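Colleague: the sequence and its predicted three-dimensional model are supplied below.
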Amino acid sequence: MSEKENPNAIRTRIWREEAEPDNPFATRAAYCRGYDVYGEMLGQARWVEMLYLLFHDEAPSAAQADMLEALAVALTNPGPRDASVHAAMCGGVCGSTAASSLMAALAVGAGQLAGGHEVFLAMQGWAECGDDLDAWRKRLGKLDAITGSIWPAPEHAPGFDPHGVSTATSVRQMLACLAGYGAGSHLLWLQQNLPDMEAAAGCPLALSGVAAAALADLGFTPEQGEMLHLLLRLPGAAAHALEQRPLGYKKFPFGTVELESEESK
Amino acid sequence: MSARATGPNLLQENVGVLKSRMGTFYPGSHVIFRGHDLHTDLKDMDWVELYVFGITNRRFSKEQLRLMHAIWTYTSYPDVRLWNNRIAALAGSCRSTGTLGMAAALAVSEASIYGGGILVRAMDFFIRTRQRLESGGDLTDCIREEFDAYRSIGGYGRPLINGDERNQHMLALARELGLDQGPHLCLAFAIEEVLLAGRWRMKMNYAALVAALGADIGLAPREFYLFMFPVFLAGMPPGFIEASDRPEGTLYPVSCTDILYEGQPRRTWSCQSGN
């Protein structure tokens, strides 16, 4: 039966497999974008090269791979103060399943405050405005809600820290490091125009904003960037969730509730 | 499905064909749910009744369904400090979606010190212990062995406080409905009596109570486990809503100085091989 006629066929440009002669369900060879994964890439390719290749037709250049690796290091652990990691630790302290801790990190880290959707929106900005300061000023000056969306209306310029006072040193360091790879124009431009961009946004640049510019420089679409941001921040959530497990809920912040009446809101 | 097929042949037999006793939908026509037409035969079922029917393929009495509703209602706490609820609320605070927040919060509810893990352990212990007692076993021995194996008895004692505000209300309802005389509930009280009299000093909590009631209305462990999946759900949306209505990022903010670091002192990173 040809692929066209086969109702069970899965279409993909990413992956092809050849079966063992004795079992159509066992893989003799797997190819990612044409490269033999287990026969050639394994032991030769870096994790970030494979990661990049999954989302692009071609393998990354050396500069792109280096930059993606640096970005991955920057995003790997948002730290225990981050809400997504806090959510994962809520699973850890009570002995919830491993997957549910990561689901918690994903659910909380998906949002528009330091999360995946913020990166998506910021990357839409790069797609729309590029390196044009006037276009950015126009975009950052208005926070449009998409009516009928499952997402809440944006409350701050995506990629910037609504509670920030000045650009955090860690953000500056990440921007400087990633811009240094010269893998695209946006990071360098952002570095050069940071005061104007922050003035237009009304608050300082956040890590999510650097990540968005970096992902755009690497040629990822906003949809791909959102996925990668979700994915690359999980290791820290996993480590912190596991660390909290033996410590237990008694050593984890619980807080107190001050009950207000319904009328007082 | 062939009973004899194994390996790739077993997989090949199942390519493209989904055999189901549970149901299917015929687009534009009708839906079969466990052998019944959803929109005609089952249209008057309330949601919990349908949910339990989907799990068990059995019908339950009005009293049993009332009890099942109450099992969910009585443990719906809109308190964002509770670790599962906190996830839904954090999702609101970080401007994620409600579905993501609540789905993750439900997944986390399968914890080992509360929720799913304890419920299953409690029911399993009741069933095993009843079998042991029926064959002449001693209850105190069963409890001691359970402690030796798990260092706790599922459904007795409680995080935060020893005692459970839900139990008196649930017991009152079970009594009112005539569902408080089942053998598992009697066993649950007998276990509590042993635990309170001995050095353990542990009271029955809600998990043990509802596991016993669930077993007494005929739910098998897997049925009970699936029935209890949304048990905390009603307490979650309020926290999500409140956190969404407050300024973003203001639920559980933690300053840098609130990290109590207990690891290695500061040191210099040199390249991997020389580290």
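Modeller: Received it, and whenever you're ready, just let me know what you need. Numbers count the residues shown, from 1 in each chain, chains lettered A, B, ... in the order given.
Colleague: and the residue of the stretch 101-250 of chain B found nearest chain A, how far is that from B:Leu119?
Modeller: Using Cβ to the nearest Cβ, the closest approach of the stretch 101-250 of chain B to chain A is made by B:Ser112 at 3.0 Å. C-beta: built from backbone N, CA, C; applies to glycine. Distance, B:Ser112 to B:Leu119, using Cβ to Cβ, to the nearest Å: 11 Å.
Colleague: between these two, who's got more neighbours?
Modeller: Per other Cβ atoms under 10 Å in any protein chain shown, whichever of B:Ser112 and B:Leu119 has more neighbours is B:Leu119, with 27 against 17.
Colleague: which residues sit in contact with that one?
Modeller: B:Gly154, B:Gly155, B:Ala207, B:Val210, B:Ala211, B:Phe224, B:Tyr225, B:Met228 (Cβ atoms under 8 Å, 6 or more residues apart in numbering or on different chains).
Colleague: following element in sequence after the helix or strand hosting the fifth one, please.
Modeller: Pointing back at B:Ala211 there. Element membership for B:Ala211, per DSSP states H and E: helix B:206-216. Along the chain past helix B:206-216, the next helix or strand (assigned with DSSP H and E) turns out to be helix B:221-227.
Colleague: setting aside sequence neighbours, what's the nearest residue to the residue most central in space within chain B?
Modeller: The residue lying closest to the centre of chain B (Cα atoms, centre = their mean) is B:Gly116, at 3.3 Å. In this structure, B:Gly116 finds its nearest non-sequential neighbour in B:Glu110, 3.4 Å apart by Cβ to Cβ, 6 or more residues apart in numbering or on different chains.
Colleague: any chance of the backbone angles for that neighbour?
Modeller: phi -80, psi 60 (degrees, to the nearest 10).
Colleague: please apply the same query to A:Ala19.
Modeller: Here the main-chain torsion angles of A:Ala19 (degrees, to the nearest 10) amount to phi -90, psi 160.
Colleague: just grab the bridge partners of it for me.
Modeller: Note on A:Ala19: beta-bridge partners by DSSP bridges are A:Thr27.
Colleague: re earlier: tell me if I'm right that the residue nearest to the centre of chain B and B:Tyr225 touch.
Modeller: Yes. Counting by Cβ atoms under 8 Å, B:Gly116 touches B:Tyr225, with 6.9 Å between them.
Colleague: list the buried ones in stretch B:142-151?
Modeller: Using 16 or more other Cβ atoms under 10 Å in any protein chain shown as the test for burial, stretch B:142-151 gives B:Cys142, B:Ile143, B:Glu146.
Colleague: next: stretch A:7-24.
Modeller: Per 16+ other Cβ under 10 Å, stretch A:7-24 contains no buried residues.
Colleague: what's the end-to-end length of that stretch?
Modeller: End-to-end distance for stretch A:7-24: 17 Å, by Cα to Cα, to the nearest Å.
Colleague: so for that stretch, mean pLDDT?
Modeller: Throughout stretch A:7-24, pLDDT has a mean value of 96.
Colleague: which residues touch it?
Modeller: In contact with stretch A:7-24 (Cβ under 8 Å, 6+ apart) are residues A:3, A:25-34, A:54, A:57, B:7-8, B:12, B:15-16.
Colleague: apply 6 Å and report the result again.
Modeller: With contact meaning Cβ atoms under 6 Å, 6 or more residues apart in numbering or on different chains, stretch A:7-24 is reached by A:Glu3, A:Ala26, A:Thr27, A:Arg28, A:Ala29, A:Ala30, A:Tyr31, B:Pro8, B:Val15, B:Gly16.
Colleague: most neighbours of all those, which one?
Modeller: Most surrounded of the contacts of stretch A:7-24: other Cβ under 10 Å gives A:Tyr31, at 17 neighbours.
Colleague: leaving out chain neighbours, which residue sits closest to that residue?
Modeller: A:Arg16 is the one closest to A:Tyr31 (Cβ to Cβ, 6+ apart), at 4.6 Å.
Colleague: and that neighbour, which helix or strand is it part of?
Modeller: Per DSSP H and E: strand A:15-20 holds A:Arg16.
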